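Asker: Everything below, folded, please.
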Amino acid sequence: MALTSSDVQTLAHLTQIRLEPDSLNDLACTLSQFADAAESIREIATNGSEPLISPLEITQRLRADTVSEENLRELYQSIAPATEDGLYLVPKVLD
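Answerer: All right, here's what the predicted structure looks like:
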């Protein structure tokens, strides 16, 4: 995939990045190399392969799902400016 200087200018405009005009050709070449590498990875046949969480055959140790702290919500909400039914009330910011 060959990107042109015009393509790079469009990308820079869309991402609001200011680029020097004399660096557009070099950047177009570099981005084209990245796009080619991504395309070659996309062409690898992956049919029948399972996704991996880790390349190592390990079992993740899990901790017990138990409550380890007491509920201090009332204490924390006692200093809040406004609460209702256990929720913090905040001023409306957006219309």
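Asker: I'd assumed Gln9 was in a helix, is it?
Answerer: Yes - according to DSSP: H, G, I helix; E, B strand; the rest coil, Gln9 belongs to a helix.
Asker: Which of the three states applies to the residue lying closest to it once chain neighbours are set aside?
Answerer: The shortest distance from Gln9 to any non-neighbouring residue, by C-beta to C-beta, 6 or more residues apart in numbering, is to Leu24 (6.5 Å). In this view, the C-beta of every residue, glycine as well, is placed from N, C-alpha and C. Secondary structure, three-state DSSP: Leu24 is helix.
Asker: what about Ala35, neighbour count?
Answerer: Neighbour count of Ala35, defined by other C-beta atoms under 10 Å: 13.
Asker: Distance-wise, check the residue nearest the centre of the chain relative to Asp85.
Answerer: The chain has Thr15 as the residue nearest its centroid, 15.9 Å off, counting by C-alpha atoms, centre = their mean. According to C-beta to C-beta, to the nearest Å, Thr15 and Asp85 sit 43 Å apart.
Asker: cool, Cys29 as well?
Answerer: Cys29 is 60 Å from Asp85, by C-beta to C-beta.
Asker: More neighbours: the two, which one.
Answerer: Cys29 (13 against 5).
Asker: With that, I have no additional questions.
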